[in-house]
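Colleague: Here's my sequence, what's the structure:
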Amino acid sequence: MLWQMVSSITDSFDSALNRWAVDIADPKPGEHLLDIGAGVGPSSLVAAHRGVQVTALEPSRFMRAGLSLRNRIANGPIRVVAGSVESIPLQNEVVDVAIAVNSFHHWQDRSKGLAEIHRVMKPAGRLYLVEEDFDSEQHSMSEAMNRFFSSHQELAVDPLVAQDELAGAGFSSMDMRSETVADEPVRLFSARR
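Modeller: Reported below is the predicted structural model:
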């Protein structure tokens, strides 16, 4: 169990889930991708290496410092910004694609956050929210999450509530589906502006 927790830390630097999320979002060279709750940048770096303009939004100073260092080492073009999803420091209608990998459940006010994403997205912009399904017994860390992080269960994303929140923020073409990525169950919420 300890090994699983340690390996999850190393995944924050480069994970199959983040690569998969970027693949699903399929940002094209020249598009502007907003990585919400970017952490130390596993999704941001993948997208930037594909010629995508990336803004990495991260509230934690520690995580921003790690991403900024990785960005410098990789000579990356990532713009790292401080802030939360509830107050995105971007102008209206500048983002083509937004992704959030394992951060949706951490948002303080999901409705406000979704409204902010809607504000910064261009018409027909795409949103992808990816959440590991730690509640599933099939997830290798389910037992550890239940034992050590009981509050994590309280933050689980209810699919019907998420769809209502997306609709309330003005998104359309909403979809929720379960997937398996690197042998782990995940939920994907997608929508268009």
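Colleague: tell me which residues form a beta bridge with the closest residue to residue 61 other than its chain neighbours?
Modeller: Excluding the flanking residues, the one nearest residue 61 by Cβ to Cβ, 6 or more residues apart in numbering is residue 82, at 7.3 Å. Glycine gets a C-beta too; all of them are placed from N, C-alpha and C. Judged by DSSP bridges, the bridge partners of residue 82 are residue 58.
Colleague: Does residue 82 touch residue 58 like I think?
Modeller: Yes. With contacts defined as Cβ atoms under 8 Å, residue 82 counts as touching residue 58 at a distance of 7.1 Å.
Colleague: what helices or strands is the lengthiest strand in the chain leaning on?
Modeller: Secondary structure of the chain per DSSP state E: the longest strand is strand 121-132. The contact analysis (3 or more Cβ pairs under 8 Å, 6 or more residues apart in numbering; DSSP states H and E) places strand 121-132 against helix 16-25, strand 95-101, strand 184-192.
Colleague: what's the second one packed up against?
Modeller: The one in question is strand 95-101. With contacts taken as 3+ Cβ pairs under 8 Å, 6+ apart, strand 95-101 sits against helix 16-25, strand 32-36, helix 42-49, helix 110-120, strand 121-132.
Colleague: try it again with 7 Å
Modeller: Here strand 95-101 touches helix 16-25, strand 32-36, strand 121-132, going by 3 or more Cβ pairs under 7 Å, 6 or more residues apart in numbering; DSSP states H and E.
Colleague: re the thing from before, shared neighbours of residue 82 and residue 58, anything?
Modeller: Residues within reach of residue 82 and of residue 58 at once, by Cβ atoms under 7 Å, 6 or more residues apart in numbering, are residue 64.
Colleague: Of the two, which one has the most company?
Modeller: residue 58 (26 against 11; other Cβ atoms under 10 Å).
Colleague: show me what contacts the more buried one?
Modeller: Residue 58 is in contact with 37-39, 64, 67, 80, counting by Cβ under 7 Å, 6+ apart.
Colleague: Please produce JSON lines containing these, extended by neighbour count.
Modeller: Shown next, in JSON lines, are the contacts of residue 58 (neighbours: other Cβ atoms under 10 Å):
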{"residue": "37", "neighbour count": "23"}
{"residue": "38", "neighbour count": "29"}
{"residue": "39", "neighbour count": "23"}
{"residue": "64", "neighbour count": "21"}
{"residue": "67", "neighbour count": "24"}
{"residue": "80", "neighbour count": "22"}
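Colleague: can you put the residues you listed in TSV and add secondary structure and pLDDT?
Modeller: Below are the contacts of residue 58 laid out as TSV (DSSP: H, G, I helix; E, B strand; the rest coil; pLDDT from 0 to 100):
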residue	secondary structure	pLDDT
37	coil	97
38	coil	97
39	coil	95
64	helix	96
67	helix	95
80	strand	97
